[in-house]
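**Q** how would this look folded up:
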Amino acid sequence: MIKEIEGMIFKEIPYGETSKIIQVFTNEGIIGIMCRGAKALKSPFRAVTLKFTYGKFNIYYKENKLSILESVDVIKPLSNLKGDITSLSYLNYITELTYQVMKQANENVYDLYINTVLKMEEGLDPLILANILEIKYLDYLGVGLNLEECVGCGAKANILTIDGDRGGYICKKCYQNEIIVEPKTIELLRMYYYVEIKSISKLKISEKVKNEINYFLNTYYERYTGLYLKSKNFLNKLRD
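**A** Below you'll find the model as predicted:
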């Protein structure tokens, strides 16, 4: 059965001397595709089966087996992302993270991922977009944030700060010498969770607030998800 799927190549695996297998994120999950002769210099598949190719893949579909590539139509070349080391590093990170999330669930994950990629390609702040995606993915990883009340006592008022190790909002009563963040940081954390990524047209947030949210999420991910991603470690070093 010939089938057209939209997706993003996130991995290339050599197969024999001239062929390769690609793994593609789609709204149906991860699909493996055999690309016969794709490594050959004159192959029409050579340029369109590289990592981070975003396109429509016409395949001879085989359920639970490797499908066979028939043709590729590139939707967007993502040249802005691929041409900047910082942006490419963020793309690597959210792709590695998405792979981990897709092992838990597929529903809506592809749309969240690809909309984030497209907003990065438009030139919007990759750190903010990555953090928004991280917050939304927590539900799929089974460790979603409680953004309605204090993690200590359940109070909905007098929220003073946030703490990644304790797992969320902390009120004045439950405060135990944690770092006090900007009030805007507390407000934007909720906005990050509820905002629709594809509707974002501009992002203007102070460096201090961005860094506080990023620090909180780094700590929360380390404490509650059990994920260790090399691409995240590289990003942290890049920001130091």
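
**Q** wait, Lys156 sits on Tyr169?
**A** No: counting by C-beta atoms under 8 Å, Lys156 does not reach Tyr169; the two are 9.1 Å apart. In this view, the C-beta of every residue, glycine as well, is placed from N, C-alpha and C.

**Q** Walk me through the domains of this protein.
**A** As assigned by automatic domain parsing, the chain contains the domains 2-77, 80-150+182-239.

**Q** before we move on, back to that, between Lys156 and Tyr169, which contacts overlap?
**A** By C-beta atoms under 8 Å, 6 or more residues apart in numbering, Lys156 and Tyr169 have these common neighbours: Glu149, Cys150.

**Q** could you pull out the strands for the protein?
**A** Counting by DSSP state E, the chain has these strands, from start to end: 2-15, 19-26, 29-35, 54-60, 67-76, 159-163, 168-171.

**Q** Nearest to Asn146, out of those?
**A** Proximity to Asn146, assessed across the strands of the chain by C-beta to C-beta, is greatest for strand 168-171 (5.2 Å).

**Q** ok, and what's touching that closest one?
**A** 145-147, 149-153, 155, 157-163, 176, 178, 186.

**Q** Quick one, which of those are buried?
**A** Buried residues within those, counting neighbours by 16 or more other C-beta atoms under 10 Å: Leu145, Leu147, Cys150, Val151, Gly152, Ile159, Leu160, Thr161, Ile162, Asp163, Ile186.

**Q** Greatest separation within the residues you listed: which pair is it?
**A** By the measure C-beta to C-beta, Leu145 and Leu160 form the most distant pair in those, at 16.7 Å.

**Q** OK, contacts around the spatially most central residue of the chain?
**A** Residue closest to the mean C-alpha point of the chain, counted by C-alpha atoms, centre = their mean, is Ile94 at 3.0 Å. Contact partners of Ile94, counting by C-beta under 8 Å, 6+ apart, are Tyr113, Thr116, Val117, Ala130, Leu133.

**Q** check contacts around the residue nearest to Lys184 when sequence neighbours are not counted.
**A** Distances taken as C-beta to C-beta, 6 or more residues apart in numbering put Val209 closest to Lys184, at 5.1 Å, once the chain neighbours are dropped. Contacts of Val209 were listed using C-beta under 8 Å, 6+ apart, and they are Glu182, Lys184, Thr185, Leu188.

**Q** Among those residues, which one lies nearest to Lys103?
**A** Leu188 (29.2 Å).

**Q** Can you verify my assumption that the closest one contacts Ser206?
**A** No: Leu188 is beyond contact range of Ser206, at 10.0 Å (criterion: C-beta under 8 Å).

**Q** neighbour-wise, which of the two wins?
**A** Leu188 (21 against 12; other C-beta atoms under 10 Å).

**Q** List the contacts of the more buried one.
**A** Residues in contact with Leu188 (C-beta under 8 Å, 6+ apart) are Ile205, Val209, Ile213.
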